[in-house]
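Undergrad: Mind looking at a prediction? Sequence and model below.
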Amino acid sequence: MVSFSNLGRSNLPVSFRRLQISCAAKPETVEKVCNIVRTQLAVKDNVAVTCESKFIELGADSLDTVEIVMGLEEEFGITVGEESAQSIASVQDAADLIEKLVEKNNA
């Protein structure tokens, strides 16, 4: 979901408009994913980890990403297939996939 707000001023250039991005996944899912990523990558406290955070930008390599996926599987009681695991590049990707897998498991 993307929403744009220009605070009621339609004549402002795009660079002055406020852009707000939020994850589709539940906030508690995003929070757990952020915590796992922060722990796995030993991200410093002064570095923000949000749903928009990309693993590579946080210093992850392919092994780190595999370990993040393993942590997610353990935390959420899910199994992430190899193909799906390869498509996870950000917190949002992970949270959205988790929601999909949890929903599938509960169906």
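TA: Structure's in. What do you need?
Undergrad: Next, work out how far apart the residue sitting nearest the centre point of the chain and residue 107 are.
TA: Centroid check for the chain by CA atoms, centre = their mean gives residue 91 as the closest residue, at 1.7 Å. According to CB to CB, to the nearest Å, residue 91 and residue 107 sit 25 Å apart. In this view, the C-beta of every residue, glycine as well, is placed from N, C-alpha and C.
Undergrad: next one: residue 76
TA: Residue 76 is 15 Å from residue 107, by CB to CB.
Undergrad: can you check residue 82 too?
TA: Going from residue 82 to residue 107 by CB to CB gives 22 Å.
Undergrad: Which residues are in contact with residue 105?
TA: 77-78 (CB atoms under 8 Å, 6 or more residues apart in numbering).
Undergrad: Could you pull out the buried residues of whatever helix or strand it lives in?
TA: Following DSSP states H and E, one finds residue 105 within helix 91-106. For helix 91-106, the neighbour count (16 or more other CB atoms under 10 Å) marks 91-99, 101-102 as buried.
Undergrad: pLDDT added to those residues, as TSV?
TA: Output for those, formatted as TSV (pLDDT from 0 to 100):
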residue	pLDDT
91	96
92	95
93	95
94	96
95	96
96	95
97	95
98	95
99	94
101	93
102	90
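Undergrad: hang on, the earlier thing: ok, residue 76 and residue 107, which is more surrounded?
TA: Ranked by neighbour count (other CB atoms under 10 Å), residue 76 and residue 107 place residue 76 first, with 20 against 5.
Undergrad: my read: that one touches residue 102, true?
TA: Yes - here residue 76 reaches residue 102: they are 6.3 Å apart, a contact under CB atoms under 8 Å.
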